[in-house]
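Visitor: 3D, please:
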Amino acid sequence: MDLEYISLKKSQSKLEKDISSDKLINQYYSRRKSIISKNIWDYWDEIPIEFSEPMIFFALPLSLCYKAYKKESDEIYKILFKDLFKEIEISKKILSFSENWDNEGSKGYEQRTWEKKVRFLTKVFKNFYDKYGLILPTPYINPGMDGDIDIHWKTEKFEIFLSIPENDDERINYYGDNYGDIRTKGTLDIDKLDSFLTWIKLYY
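Guide: Prediction:
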């Protein structure tokens, strides 16, 4: 039997004796709040959470607790990034553009390119929030050249263009401008975003 489970069951037994049900519920929410930033807590009432047993986190092995928390975190992200997900949903229309959709010979767009764009944006938003506790403004998602899909941020402090390539072997191209003395361009690896996120934070 899972030793973590045994330990948690002992804790459960002690808590059931020493603490009333109301206090257990308060402690449960207090523990959740302690591992969630204040920014997320502001949205707490909007998050659909099924909660019927106040001892659920004490009576389960930690591995299952993590899975439950991970599922809950995904729900939190859906609330925090709801404007992003709206833009992503709208961008599905790009997939309906067939060859020569603009009467200038442009290529159509592949499902896998669109999915790559979704993965990239979702990761950027999550990583930026986890690292800085800030929610990025929602970018525009546009059809690009040669089957690529473009992402465009334009705020009062910075502008960024990114091109998500159709070819899986190609890296993401980007250009950034802070409207002042800093302009940057290069390529990105979706698994190595730290320098990109740091640049955005400087002009957030």
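Visitor: If E159 is in a bridge, with which residues?
Guide: K154, D177 (DSSP bridges).
Visitor: Share the number of residues neighbouring it, please.
Guide: When neighbours are counted by other CB atoms under 10 Å, E159 registers 16. C-beta coordinates here come from the backbone N, C-alpha and C atoms, glycine included.
Visitor: And for V124?
Guide: 21.
Visitor: Which pLDDT value belongs to it?
Guide: V124 carries a pLDDT value of 95.
Visitor: show me what contacts it?
Guide: Going by CB atoms under 8 Å, 6 or more residues apart in numbering, V124 touches L136, L193, F196, L197.
Visitor: biggest helix in this structure by residues?
Guide: helix 111-132 (DSSP state H).
Visitor: in that one, what counts as buried?
Guide: T113, W114, K116, K117, V118, F120, L121, V124, F125, F128, Y129 (16 or more other CB atoms under 10 Å).
Visitor: from these, which single one is nearest S96?
Guide: For the buried residues of helix 111-132, the closest approach to S96 (CB to CB) belongs to W114, at 10.9 Å.
Visitor: Point out where the protein drops to low pLDDT.
Guide: 1-73 (pLDDT under 70).
Visitor: redo that, cut-off 80
Guide: Counting by pLDDT under 80, the chain contains low-confidence ranges at 1-75.
Visitor: shouldn't G176 be in contact with T155?
Guide: No - look at G176 against T155 with CB atoms under 8 Å: they stay out of range, at 11.5 Å.
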